[in-house]
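Enquirer: how does the following fold in three dimensions:
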Amino acid sequence: MKPVNFSIRFCNKAISSSLLILCLTGFTLPAQAIQSAYTAFADGDGDIYTIAKNGKLRWFQHTGRMSGADTWTNFGTAKIVGDKATGNNLLNSKVFSGDDGIIYTITNSGKLLWSRHDGRFTGSQVWANSGKLTPIGTGWNKYAHVFSGGDGIIYAITTDGKMLWFRHSGWLDGTNKWAKSSGTQVGKGWQDTVKVFSGGNGVIYSIMSSGLLRWHQHKGRLAGTDDWANNGAQRQVGHNWQGFRQVFTGGDGIIYGIKANGDPVWNRHIGWLTGADAWAPEPNNESGSIIATGWILP
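Expert: Predicted coordinates for the structure are as follows:
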């Protein structure tokens with residue numbers, strides 16, 4: 001069993017659970033649907049954010065992220081950090097990390113907002129601009145998927161499968177400055193993608209409706225050119241990933257998945273820079289490592 005084949009095992013353990021995903025039926029978003037779940041993300045330094053059912057932004061710090069150990073700052077207890085920057089409620093928004101404390105929010109009306117959590121290393125409520133959300137764009141609710149590639153790069157996938165590249169030049173301070181070539185199409189054929197996220201260094205992971213986990217590397221990410229590793233050919237690095245409520249990277253090949261009952265699962269793709277199907281040793285002779293319990297998401 002490959003390290004990524006853990007979703008079937010988890011579904012078998014969650015037969016009675018109807019929370020968040022329909023694990024037994026292999027429920028996924030239909031092709032070309034707009035992804036509604038942006039409820040958990042990480043910034044690559046062990047800091048993980050989740051949105052609680054009351055809409056507040058929670059902060060955790062996974063000190064065991066490199067090994068998959070169940071070790072956390074504050075014994076794994078969440079800290080509420082979003083009161084100042086979110087108006088206490090994120091239930092009608094999509095929130096994702098831009099790395100280095102940068103957090104982007106897409107409102108239900110399509111506004112793109114910038115914020116920076118300066119208290120990310122300790123979980124304190126310290127935010128740039130006194131927590132003020134800064135508007136930097138509109139019309140972002142029309143895309144099927146939106147995610148950051150780091151360094152101000154933002155990818156958007158249209159409902160017909162085109163991948164567009166943007167670069168927020170003001171990503172560090174929240175100024176509304178963008179690269180002139182923002183909006184350039186850098187790919188196509190992404191319409192069967194149900195979840196997609198960056199792994200850093202141009203690496204992009206996509207999960208298909210069939211449950212396949214695919215690896216891509218955008219070599220032209222800094223300039224916004226249509227330049228990809230392997231002449232654009234993706235590599236399959238896993239399967240049975242369709243059962244997770246949320247999947248996101250923790251940097252350095254670390255991938256977190258939130259399963260049906262809210263438990264976060266850790267795995268590490270050792271071949272993340274090359275696309276090799278190589279994973280960290282399977283803990284306890286099973287795939288994936290449960291590192292906490294009960295992260296119920298809205």
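Enquirer: how many other residues sit next to the residue nearest to residue 118 when sequence neighbours are not counted?
Expert: Of all residues not flanking residue 118 in the chain, residue 126 sits nearest, at 4.6 Å (Cβ to Cβ, 6 or more residues apart in numbering). Where you see a C-beta, it was placed from the backbone N, CA and C, and this is true even at glycine. Burial measure for residue 126: 17 neighbouring residues, criterion other Cβ atoms under 10 Å.
Enquirer: what of the one 10 residues further on?
Expert: Here the neighbour count serves as a burial measure; for residue 136 (other Cβ under 10 Å) it reads 19.
Enquirer: repeat that for residue 130.
Expert: Neighbours around residue 130, by other Cβ under 10 Å: 8.
Enquirer: quick one: it from residue 115, how far?
Expert: Residue 130 is 11 Å from residue 115, where distance means Cβ to Cβ, to the nearest Å.
Enquirer: contacts only, for the residue nearest to residue 118.
Expert: 117-119 (Cβ atoms under 8 Å, 6 or more residues apart in numbering).
Enquirer: contact partners for residue 205?
Expert: Going by Cβ under 8 Å, 6+ apart, the list of residues near residue 205 reads 196-199, 213-216, 247, 249, 255.
Enquirer: cutoff 7 Å now
Expert: By Cβ atoms under 7 Å, 6 or more residues apart in numbering, the contact set of residue 205 is 196-197, 199, 213-215.
Enquirer: quick check: beta-bridge partners of it?
Expert: residue 197, residue 215 (DSSP bridges).
Enquirer: and if you look at residue 165?
Expert: Here residue 165, judged by DSSP bridges, has bridge partners residue 155, residue 184.
Enquirer: my guess is it contacts residue 180, does it?
Expert: No - look at residue 165 against residue 180 with Cβ atoms under 7 Å: they stay out of range, at 12.0 Å.
Enquirer: the two: which has the busier surroundings?
Expert: Comparing residue 165 with residue 180 by other Cβ under 10 Å, the one with more neighbours is residue 165, at 25 against 9.
Enquirer: show the pLDDT at that one.
Expert: pLDDT for residue 165: 98.
Enquirer: got the contact list for it?
Expert: 155, 184, 186, 224.
Enquirer: about what we covered before: which of the contacts of residue 205 sits closest to residue 174?
Expert: If you rank the contacts of residue 205 by distance to residue 174 using Cβ to Cβ, residue 197 comes first, at 22.7 Å.
Enquirer: before we move on, back to that, now list the buried members of the contacts of residue 126.
Expert: 117, 119 (16 or more other Cβ atoms under 10 Å).
Enquirer: and which of the contacts of residue 126 is nearest residue 272?
Expert: Of the contacts of residue 126, the one sitting nearest to residue 272 (Cβ to Cβ) turns out to be residue 117, at 25.1 Å.
Enquirer: the closest one and residue 127 touch, don't they?
Expert: Yes - between residue 117 and residue 127 there is a contact under Cβ under 7 Å: 5.9 Å.
Enquirer: and the helices in the stretch 51-200 of the chain?
Expert: Taking DSSP state H, counting those that start in this stretch as the criterion, the stretch 51-200 of the chain contains helices spanning 83-86.
Enquirer: mind listing the strands for it?
Expert: 57-61, 79-80, 94-99, 102-106, 112-116, 134-137, 145-150, 153-157, 163-167, 184-187, 193-200 (DSSP state E, counting those that start in this stretch).
Enquirer: give me the sheet partners of the fifth one and which way each runs.
Expert: This points to strand 112-116. strand 102-106 (antiparallel), strand 134-137 (antiparallel).
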